[in-house]
Structures are given as structure tokens and as C-alpha cells.
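[1] build me a structure from this.
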Amino acid sequence: MRNLFNIIFIFFLPVLTHALPVSLKGYFPKALGETVYIIGFKDFISQTEEILASTTIDANGYFHLSIKLDHPSPLMLEIAFYRLSFYALPGSNWQFNSEQFQVTENGNPLLPQSTLPCYIHGPLTDSLLRNMNAQIADFLDSAAYEIYLKQNTTILDTFTNKTLTINLFDKKFQEAASYQLATLYPGARLPLGFNAFHELQPKYQSWHFCNWLEDYLAKALTRENPLSANSGLTRDLILAINQKEDLQTVRKLLSQHFQITDSLMEDVVTLAALKVFYRTPIYQNKSIINLIRQVKETTSNNDIAFIAKNLVQRFTAFLPGNQVPPYELITQTGDTLNPAKTRGKYSYFVFARKYCSSCLNSLELLRPLYERYKDKLQIICIFTSHDTLTESGFAKKMNYPWPVVIAGKNYDFLRTFQAFSLPLEILVNENGNIVAWPAYRAGEGLEAVLEKLLSKQPNPPKAPLQRKW
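    Got it, this is the predicted structure:
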């Protein structure tokens, strides 16, 4: 059996590939005129999304897209923020069919309920991975208690061995499954076939490797080495990050602990570890971002610099002080709104829907604030429902005194502003810089923030402006 897995992991050696076309066709007869997006990732460590292609479902219900890939990659088919994930290989052909799907309301890509229901036909590797994921779900339904509460991993070992002994001929499935199955363990676990971390190769162009690495580091650094007097590694890493922003010490600590000798692997692990720390609330701070910037500036590898740049952009996109993303909106009265038009006043964006009671309550509480601060504050209400006609009529009946935009089908704008979980409020200053994203709401602290920001005092006292999600 051991020889079998040694053979399997020969397939993990890097394979040079050329970009090949991927054909994507679909049939959605009840979604005529809807925009179809193919979404991928700029890299697999930052997992920054990017739109690779888009088109419109024609009058007969069909669409056809083509992109190029140079390595296997997870992609997402998206319609009205409903998504279907699939694992694409260079040169593959895909068919997506759903005779029932129709958009009655925008989905939320952050929630499992927004899965795009449709039949999918693609390469065997994708089918095998889908089948494996279904088996994992069934297995965990009955075994989760034993594995995660009683720490009994024997049954997980049996499941892993059984899964990896099928379909030995599909190299991509074997690689992906080996990394994915290792993440099921309650502790940091190497993929089957490896005895030590230093045996691994830095496969930053492998989605499954990067997902496994992040999971492994999260468990090894934050769960198995919590921040305590007895935890030398995590404590020393946090001190190097917070006190000195010392990249060399961080790299050295990680390299020594995981016995890394390859400089590229050192870069990959450093970026993944910094991401893990930044996404752990008790460790999150600007020092981590500064260290990622140092990686970008000091590395000799262009791919690592690109990944570091994407991480910084992802973590800082909505931080206070940044310019609000560019936008061009048309209000119900036909006026144009853009950053240039709103300069000179603070702007308070409210994303809402007709059937969101919290949204409507927030808007009503804004009426007295609007009257009090309308000379210095511009409130902009943006309705995001797919049913734009209903929302337009509703907004007119409510007779809001501020500009109202019906943007339920402006998918690019809603995606840029990440207007999925509602209500969402954003406060922007008179120069177009973000003050708070998300911002406090009326009745929950907004009044105090506006009083201090818009008062006539030359140096208003500092106040917490950013609301926690």
C-alpha cells in the first residue's frame, strides 16, 4: 500500500503546460437576457476573484463563452449572484443546462443557498471530485462526532485510504483528493505519502495545495500553538510582527519550525501564514499588511510579488483613507451620481431592499438626520433587488428626500461594493475617501459619529467610526 501512494505522489512533480482554450456552453431558457459570468482567482493564496469572461443568454436561452487556462483551476459560473463551482482543466469542454432556473431575486454568493441549480457536464476529474465531496458530506454526517469531539481519526484514515485507492488513473483527481482529504483532520496533517513538511514542493499554482497549506498553517499556528506563555512559536511570530515588523525573523521562525530549505517554499509559507494571522481577529493588524508589502518588495520571484500585491489589495480595499471605488449611477430622477458629483460633502451610502425590514427601518431613522445635516451630508439610497420595477415603485411611494438608485441588475457595481449582506452602509468624506465601511447605522451610533465629523469644531475629538460586521 505504501508503494502505491509513493507512486501516486510522483504525479505531484511540477508539469509545464501551455494555455489552452476552455469552452463553456449553457442552456437556460427561463433566464433570457441575464448576464452570465465566469469567475476565477488571480492567484490561489490571496483568492482574489476576477471576472474572466461574461456574456448574455440569448433569446433562445443559450450562451457560449471561451477562456484560456494554463493550469487546472476552480471556476464559478454566476448568474444574478447565484453560483456553481467547477474544476476546469486546460483544453476542457463544458455544458451547463437548467430548464427550470429563473431569477426572481438576486442571490448572495457568500451563502450556500445561492448555489446555481443546473446539470453540469465536464471532464472526468471534475465528476470524480464532485462525487468525492458528496461522499465526504455523507461520511461527516455520521462520523463528525467521533472525529472532532472524540479525536478518533482511525475512521478518517480508513476513509482516506479507500478514497485514494480508486481511480488511480486520474492523476489530477489523486493530487486534488490527497490535499483535500488532509484538511478533514482536526489537527494539522500532511497529505498521505509525505512524512515531513520539507518534502513538499511549493505548488502555488495548485488550488488544492494552497487550500491545504492555509488549513495546515491555521491549525499549526493558531490551534496547536495558541498565543500563550507555553507557545514559543506563535508568541515569537506575533512579537516579530507587532513589535518590529521584522520579515526576516518571521521567515526564519517559520523556516526553522517547518524545516524549510527552499527559498520559494519559504516565500509561499510566509505569505500563507501572514494571511492566516490577518484573518484571525485577535491577531489582525496593519503590521501584517506591512510585512506582506515587504515580501512584495524583496522577493525575486514575480509570481510571489503578484500574490503579495493581491493580498494587500484584498485586505486594504475598503480600509478608511482609501478612495471609494469608481462608480456611475443614475437616480430615479435621471440625475447622474459619481465620485466627482458628490465631492464637497460627506456621502452616506445605504444599500437596501424592499423586503428587508432592517433596511427600511434604517432608512426611516435617517430622515431626521438628513434634515439636520443635509447641507454637509449627502445620503444615497441604493435598492439592490432583482425586481427593479417593484422596487422603483416602492421607492417612489416612500418619497425619500435623498437620491434613490435602483441598481438590482447593475451586477458589476454591486460586486465592486460587495453589497450582498444587507443593509450595508458606507461613509465617505468630502474628498471621496472612505471613512467607514461598514459604517454605523442610524440609532446605533451614527448620530454621534456625524456630530463629531460635521460639527463646527476645527479639531473634533476622535471617535470609533467603523462598525464591526
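[2] please count neighbours and contacts with C-alpha atoms only from this point.
    Will do.
[3] any stretches of the stretch 101-250 of the chain with poor pLDDT?
    Within the stretch 101-250 of the chain, the segments meeting pLDDT under 70 span 227-231.
[4] buried stuff in the host helix or strand of residue 22?
    Following DSSP states H and E, the helix or strand that holds residue 22 is strand 20-27. By neighbour count on 16 or more other CA atoms under 10 Å, the buried set for strand 20-27 is 21-24, 26-27.
[5] and for stretch 352-362?
    By 16+ other CA under 10 Å, the buried positions in stretch 352-362 come out as 352-354, 359-360, 362.
[6] so of those residues, which ones are in strands?
    Among those, the members found in strands (DSSP state E) are residue 352.
[7] which one of the buried residues of stretch 352-362 is nearest residue 34?
    residue 353 (20.1 Å; CA to CA).
[8] count of residues packed around the closest residue in space to the closest one that isn't next to it in sequence?
    Leaving out its chain neighbours, the residue that sits closest to residue 353 by CA to CA, 6 or more residues apart in numbering is residue 383, at 5.2 Å. Residue 383 has 23 neighbouring residues, counting by other CA atoms under 10 Å.
[9] for residue 383, name its beta-bridge partners.
    Bridge pairing for residue 383 (DSSP bridges) gives the partners residue 352, residue 406.
[10] so who does it touch?
    The neighbours of residue 383, taking CA atoms under 8 Å, 6 or more residues apart in numbering as the test, are 351-354, 391, 404-408.
[11] can I get stretch 302-316 as PDB, trimmed to CA atoms?
    Only the C-alpha atoms of stretch 302-316 are listed here, as PDB (Å, rounded to 0.1, in the frame of the first residue of the first chain):
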ATOM      1  CA  ASN A 302       7.500  37.700 -10.000                       C
ATOM      2  CA  ASP A 303       4.700  35.300  -9.100                       C
ATOM      3  CA  ILE A 304       5.300  35.800  -5.300                       C
ATOM      4  CA  ALA A 305       5.300  39.600  -5.800                       C
ATOM      5  CA  PHE A 306       2.000  39.300  -7.700                       C
ATOM      6  CA  ILE A 307       0.400  37.200  -4.900                       C
ATOM      7  CA  ALA A 308       1.700  39.600  -2.200                       C
ATOM      8  CA  LYS A 309       0.200  42.600  -4.200                       C
ATOM      9  CA  ASN A 310      -3.200  40.800  -4.400                       C
ATOM     10  CA  LEU A 311      -3.200  40.100  -0.700                       C
ATOM     11  CA  VAL A 312      -2.500  43.700   0.100                       C
ATOM     12  CA  GLN A 313      -5.300  44.900  -2.200                       C
ATOM     13  CA  ARG A 314      -7.700  42.400  -0.800                       C
ATOM     14  CA  PHE A 315      -7.000  43.300   2.800                       C
ATOM     15  CA  THR A 316      -6.900  47.100   2.300                       C
END
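[12] next one: that stretch to chain centre, how far?
    14 Å (CA atoms, centre = their mean, to the nearest Å).
[13] also stretch 270-288?
    Here stretch 270-288 is found 15 Å from its chain centre; the criterion is CA atoms, centre = their mean.
[14] quick one: buried residues of it?
    Result for stretch 270-288 [16+ other CA under 10 Å]: buried residues 270-278, 283, 287-288.
[15] try stretch 298-311
    Buried residues in stretch 298-311 (16+ other CA under 10 Å): 304-305, 307-311.
[16] just the residues contacting the longest helix seen in the chain, thanks.
    The longest helix of the chain (DSSP state H) is helix 124-144. The list of residues contacting helix 124-144 from outside it, by CA under 8 Å, 6+ apart, reads 86-88, 155, 163, 170, 172-173, 177.
[17] in helices only, show me those.
    Using DSSP H, the contacts of helix 124-144 in helices are 155, 163, 172-173, 177.
[18] show me the two of those residues that sit farthest apart.
    155 and 172, at 24.8 Å, using CA to CA across the ones in helices among the contacts of helix 124-144.
[19] before we move on, back to that, list the strands paired with the very next helix or strand once past the strand holding residue 22, with their directions.
    Scanning forward in sequence from strand 20-27 by DSSP H and E, the next helix or strand is strand 35-41. Sheet pairing of strand 35-41 (DSSP bridges) gives strand 49-56 (antiparallel), strand 73-79 (antiparallel).
[20] name the stretch among those strands that sits most buried.
    Ranked by mean neighbour count, the strands paired with strand 35-41 are led by strand 73-79 with a mean of 21 (mean count of other CA atoms under 10 Å).
[21] same question for that one, mean pLDDT?
    Strand 73-79 carries an average pLDDT of 98.
[22] so what touches that strand?
    With CA under 8 Å, 6+ apart, strand 73-79 has contacts from 34-41, 83-89, 116, 206-207.
[23] quick one: that strand to strand 20-27, angle?
    30 degrees (axes from the mean of the first three to the mean of the last three CA atoms, to 10 degrees).
[24] send me strand 73-79 as PDB with only the CA atoms.
    Output of strand 73-79 as PDB, limited to C-alpha atoms (Å, rounded to 0.1, in the frame of the first residue of the first chain):
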ATOM      1  CA  SER A  73      -8.300  25.900 -11.800                       C
ATOM      2  CA  PRO A  74     -11.600  26.200  -9.900                       C
ATOM      3  CA  LEU A  75     -14.000  28.400 -11.700                       C
ATOM      4  CA  MET A  76     -17.500  29.700 -10.900                       C
ATOM      5  CA  LEU A  77     -20.500  30.100 -13.300                       C
ATOM      6  CA  GLU A  78     -22.500  33.000 -11.900                       C
ATOM      7  CA  ILE A  79     -26.000  34.400 -12.800                       C
END
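[25] for residue 37, which residues are in contact?
    Applying CA under 8 Å, 6+ apart, the residues near residue 37 are 51-55, 76-79.
[26] tabulate those (a markdown table), appending distance to residue 247.
    Formatted as a markdown table, the contacts of residue 37 follow (distance: CA to CA, whole Å):
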| residue | distance to residue 247 |
| --- | --- |
| 51 | 33 |
| 52 | 34 |
| 53 | 38 |
| 54 | 40 |
| 55 | 44 |
| 76 | 35 |
| 77 | 39 |
| 78 | 39 |
| 79 | 42 |
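[27] let me see the mean pLDDT of stretch 395-406.
    For stretch 395-406, mean pLDDT is 96.
[28] could you dump it to PDB, C-alpha only?
    Output of stretch 395-406 as PDB, limited to C-alpha atoms (Å, rounded to 0.1, in the frame of the first residue of the first chain):
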ATOM      1  CA  ALA A 395     -39.200  53.900  -3.500                       C
ATOM      2  CA  LYS A 396     -41.400  56.500  -5.200                       C
ATOM      3  CA  LYS A 397     -44.200  55.800  -2.700                       C
ATOM      4  CA  MET A 398     -41.800  56.200   0.200                       C
ATOM      5  CA  ASN A 399     -40.900  59.600  -1.100                       C
ATOM      6  CA  TYR A 400     -37.400  59.600   0.300                       C
ATOM      7  CA  PRO A 401     -35.900  63.100   0.300                       C
ATOM      8  CA  TRP A 402     -32.500  61.900  -0.900                       C
ATOM      9  CA  PRO A 403     -31.400  60.400  -4.200                       C
ATOM     10  CA  VAL A 404     -32.500  56.800  -4.800                       C
ATOM     11  CA  VAL A 405     -30.800  54.400  -7.300                       C
ATOM     12  CA  ILE A 406     -32.400  51.200  -8.500                       C
END
